[in-house]
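**Student:** What shape does this take:
(4 chains)
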Number of protein chains: 2
Amino acid sequence: MNFDPLIMKPKLTLKQIARELDVSVSTVSKALRDSPEISDETRQKIQAFAKLYNYKPNNIALSLKNRRTRTIGLVLPEIVHDFFATVITGVEEVANKRGYNVLICLSNNSFDREVMNLEMLANGSTDGFILSVAKETQQKGDYHHLQEVISQGMPVVMVDRVVNEIICDKVIIDDSDGARDAVQHLIDNGCRRIAIITTVDYISVGKLRTEGYLRALRGNDVELDEDLILKIEDVDNSHEAISQFLGAREIDGVFAVNEQFATSAVKALLNKGLSVPEDVLVFSFSDGELSRRFIPSLSTVNQHGADMGAKAAELLIDRIEKTVTDEEYQTAIVKTSLVERESTQKRKKATV
Amino acid sequence: MNFDPLIMKPKLTLKQIARELDVSVSTVSKALRDSPEISDETRQKIQAFAKLYNYKPNNIALSLKNRRTRTIGLVLPEIVHDFFATVITGVEEVANKRGYNVLICLSNNSFDREVMNLEMLANGSTDGFILSVAKETQQKGDYHHLQEVISQGMPVVMVDRVVNEIICDKVIIDDSDGARDAVQHLIDNGCRRIAIITTVDYISVGKLRTEGYLRALRGNDVELDEDLILKIEDVDNSHEAISQFLGAREIDGVFAVNEQFATSAVKALLNKGLSVPEDVLVFSFSDGELSRRFIPSLSTVNQHGADMGAKAAELLIDRIEKTVTDEEYQTAIVKTSLVERESTQKRKKATV
DNA sequence: GAGGGGCCCGAAAACGTTTTCGTGTTGAAA
DNA sequence: TTTCAACACGAAAACGTTTTCGGGCCCCTC
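**Tutor:** Just a heads-up that it's a prediction; the model follows:
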């Protein structure tokens, strides 16, 4: 309609206020911060002017001067994934509460992207960051970029997908215990031939969850059948693998390390003519909307992603704001909890 | 283990390099930028030193000097929602490709949070931002905060949930057309009594989708029954409302404006003893993982969130980098597409 | 041998803040 | 009247860059 909005007022600086009111820049700055050095009269005049024209200090200049940005970085492998989305929510919440911004970068599970992300975040844009390492990085085992930024004094907190070789604050869940509890629940409900659908071992959390599965079996004297373990390499094409795997095996329970695997499993079982939970019980990891809304709704191990994000942000900001640096790094463990839903509640007839 | 990492090297500045190499700061700066003013010998010496100690220019100082941050903001109402997650992916991708960072803020659908977010983003931290307005803001109809930042010369692009009263670049989908096509598909497959589960009218996209529904009915001379329209106010407790609504009505098709409503609808129909798609066809809006993995998988209107995000980022960065400002604002419309799945494919018997 | 270019480099300003320090004016005490 | 504190404000430095400008030095040309 009209090119120039009615009132076009470019952003105001201290210098402009000073010139306009015929005082010095320092006077303006002090007046706005209620310094006792400035007389009431001058202070009120300046504050009124600033309010009228909606003065807001330039954040970049403040960052440069104070050598802190009040911004934290968050590097995630992916985002179209309820778990990481909830982590973001948690981080964002406490960051905002404590006066920090959140700069989010996506590595897309690529090592190179992750390296780029770290470089961007470490060049002064942030005071520290939270990282969940990319799959490719875990596979590669190359952590120079991490060591690099840490040695520059940048606080780092790892969340969920952590790497043990790096010393820093970490927030993880009891993956192994959570998996054990889930499998225990299956055993308690009569399952004896329990399949596990997990990831390859270089994914730290996948490996731990597999361990939990094994511990549960051992703890209940349920015989381990290696043939009931499926380790998925290519997540994108996992459905066929799962379908084939389950189609050829006689089982009465399934433990899947994420919602995607779990839903694929249910579908495969249905195709085989079996019902969940009448014939086979299914337990999943990662409690997301998918599990809640699926039919039958899925029992899951809730990772409390928001709590993890919140805890990570607390740790990071504490570390940033601590003047003393001699505190030991800690690894916070966020407890998982089981959410029982239809997929593990045996009944005679489907009532849905 | 050890408090101080093996090599603790704090971040390097031009000044330190200059002092170390006994040259001036300007010389260092020019040498690193390959200025012809600097002799080969000096240049190589400085570059070698910089590389050795891994010098990286301080981004904040650059931002202050250049008065541009190469960072764009992204304000979203929520994130645990596949659609917005894909938008982020799209924005992030083109932003990174064009050398920009992305600062993400969540309004949590709260007006006050949104106002705070805009203030933070507009105080110099970003060169412009992309916004999807909060539900509460749309309800309230108060857009002063938006007008404010725009009048300060900050480029703004709205995406999906836009407000017509504000003049700026926008990226939307053909909500109305998408809905019409979906309903048309239901009609083509024999549905005559089609229920719509939508949101209250102050949600812009909900209103438009309702319009599309009405247009489809009119275009096919299907009688409109106002009693088949359900407008959800409280999304969090929508399941009961939907269940009650569908339980009391005789229908052969359902059009839901999002995945959550759609899955609730399917569940309600199952409880009523009806099958999808044998007895009732269901079409949903917003193609996410939920629709793909649901049983039956849901036919949806794909919003192409990543494309929308990408387009928004392109528009924004173009606007930021344009020296001339006399270009008209444009509204990009990203085409939706229908994804046909099991929930609308009639068959005699469930084969799943 | 004087003037004039190149060649290299340094000083300084600028971006927008905050803060330390100095300084001029006032009023009251000596 | 002199002295000194309190008061109110300004100048300048600093954060880490980039860039403009000026200047010293060497060598070449008349």
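
**Student:** tell me which parts of chain A are close to DNA strand D?
**Tutor:** Applying CB under 7 Å from any atom of the strand, we find that chain A lies next to DNA strand D at A:22-27, A:36-43, A:61, A:64-65, A:67. The way it works is simple: take the backbone N, C-alpha and C, and place the C-beta from them, glycine included.

**Student:** again, 10 Å this time
**Tutor:** Proximity of chain A to DNA strand D (CB under 10 Å from any atom of the strand) is limited to residues A:14, A:18, A:21-31, A:35-43, A:45-46, A:60-67, A:123-124.

**Student:** which ones among the residues you listed are found in helices?
**Tutor:** The members of those that map onto helices under DSSP state H are A:14, A:18, A:21, A:25-31, A:40-43, A:45-46, A:60-66.

**Student:** For PyMOL, what selects the buried ones among the residues you listed?
**Tutor:** In PyMOL, a selection of the buried entries from those looks like this (16 or more other CB atoms under 10 Å in any protein chain shown):
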select buried, chain A and resi 14+18+21+27+28+29+30+31+42+43+46+60+61+62+63+64
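
**Student:** filter the ones in helices among the residues of chain A next to DNA strand D by proximity to chain B?
**Tutor:** Counting by CB under 8 Å from any CB of the partner chain, A:Ile60, A:Ala61, A:Ser63, A:Leu64 from those sit close to chain B.

**Student:** hang on, isn't the last one packed against B:Leu64?
**Tutor:** Yes: applying CB atoms under 8 Å, one finds A:Leu64 in contact with B:Leu64, separated by 5.3 Å.

**Student:** Any figure for the gap between A:Arg218 and B:Gln44?
**Tutor:** Using CB to CB, to the nearest Å, we find A:Arg218 at a distance of 63 Å from B:Gln44.

**Student:** could you point out where the stretch 101-250 of chain A is predicted with low confidence?
**Tutor:** For the stretch 101-250 of chain A, no stretch has pLDDT under 70.

**Student:** same for the strand or helix carrying A:Val282, what does it pack against?
**Tutor:** Assigned by DSSP states H and E, A:Val282 belongs to strand A:281-285. Strand A:281-285 is packed against helix A:175-188, strand A:253-256, helix A:259-271, strand A:299-302, with contacts defined by 3 or more CB pairs under 8 Å, 6 or more residues apart in numbering or on different chains; DSSP states H and E.

**Student:** burial measure for A:Ile150, as a count.
**Tutor:** Using other CB atoms under 10 Å in any protein chain shown, A:Ile150 has 18 other residues around it.

**Student:** now it: how far from DNA strand D?
**Tutor:** Counting by CB to the nearest atom of the strand, to the nearest Å, the gap from A:Ile150 to DNA strand D is 19 Å.

**Student:** Sticking with that residue, tell me its helix or strand.
**Tutor:** Going by DSSP H and E, A:Ile150 is part of helix A:144-151.

**Student:** From the chain's centroid, how far away is that helix?
**Tutor:** 20 Å (CA atoms, centre = their mean, to the nearest Å).

**Student:** next SSE after it?
**Tutor:** Using DSSP H and E, the helix or strand that directly follows helix A:144-151 along the chain is strand A:156-159.

**Student:** now whatever helix or strand comes next after that following strand against strand A:281-285, angle please.
**Tutor:** Sequence order places strand A:169-173 as the next helix or strand after strand A:156-159, per DSSP H and E. For strand A:169-173 against strand A:281-285, the angle by axes from the mean of the first three to the mean of the last three CA atoms, to 10 degrees is 170 degrees.

**Student:** Run through who's touching strand A:169-173.
**Tutor:** Residues outside strand A:169-173 that contact it (CB atoms under 8 Å, 6 or more residues apart in numbering or on different chains): A:155-160, A:162, A:303-304, A:308, A:311-312, A:315-316, A:319, A:329-336.

**Student:** one step back: the helix holding A:Ile150 near chain B anywhere?
**Tutor:** Yes: using CB under 8 Å from any CB, helix A:144-151 reaches chain B at A:Gln147, A:Glu148, A:Ile150, A:Ser151.

**Student:** Okay, now the sheet partners of the strand holding A:Val282, with direction.
**Tutor:** Sheet pairing of strand A:281-285 (DSSP bridges) gives strand A:253-256 (parallel), strand A:299-302 (parallel).

**Student:** Please identify the deepest-packed of these.
**Tutor:** Stretch with highest mean neighbour count among the strands paired with strand A:281-285: strand A:253-256 (a mean of 28; mean count of other CB atoms under 10 Å in any protein chain shown).

**Student:** can you dump the C-alpha coordinates of that one into CSV?
**Tutor:** The C-alpha trace of strand A:253-256 is given here as CSV (Å, rounded to 0.1, in the frame of the first residue of the first chain):
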residue,chain,number,x,y,z
GLY,A,253,6.5,-59.5,23.7
VAL,A,254,8.4,-56.7,22.0
PHE,A,255,10.6,-54.0,23.4
ALA,A,256,11.4,-51.2,21.0
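
**Student:** Centre of the chain to it, how far?
**Tutor:** The chain centroid and the centroid of strand A:253-256 are separated by 24 Å under CA atoms, centre = their mean.

**Student:** Same question for stretch A:38-58.
**Tutor:** Put simply, stretch A:38-58 sits 42 Å off its chain's centre (CA atoms, centre = their mean).

**Student:** Could you do stretch A:87-107 as well?
**Tutor:** Its chain's C-alpha centre and that of stretch A:87-107 lie 10 Å apart, by CA atoms, centre = their mean.

**Student:** One more: stretch A:328-345?
**Tutor:** 14 Å.

**Student:** Which positions within that stretch qualify as buried?
**Tutor:** For stretch A:328-345, a neighbour-count test (16+ other CB under 10 Å) marks A:Ala332, A:Val334, A:Thr336, A:Leu338, A:Val339, A:Arg341, A:Glu342, A:Ser343, A:Thr344 as buried.

**Student:** Over to that stretch now: how far is its first residue from its last?
**Tutor:** Separation of the first and last residues of stretch A:328-345 by CA to CA, to the nearest Å is 45 Å.

**Student:** can you check stretch A:318-331 too?
**Tutor:** End-to-end distance for stretch A:318-331, by CA to CA: 14 Å.

**Student:** So what touches it?
**Tutor:** By CB under 8 Å, 6+ apart, the list of residues contacting stretch A:318-331 from outside reads A:68, A:72, A:127-128, A:155, A:157, A:167-172, A:315, B:3.

**Student:** Looking at the residues you listed, spot the one nearest DNA strand D.
**Tutor:** Nearest to DNA strand D among the contacts of stretch A:318-331: A:Arg68, at 10.9 Å, using CB to the nearest atom of the strand.
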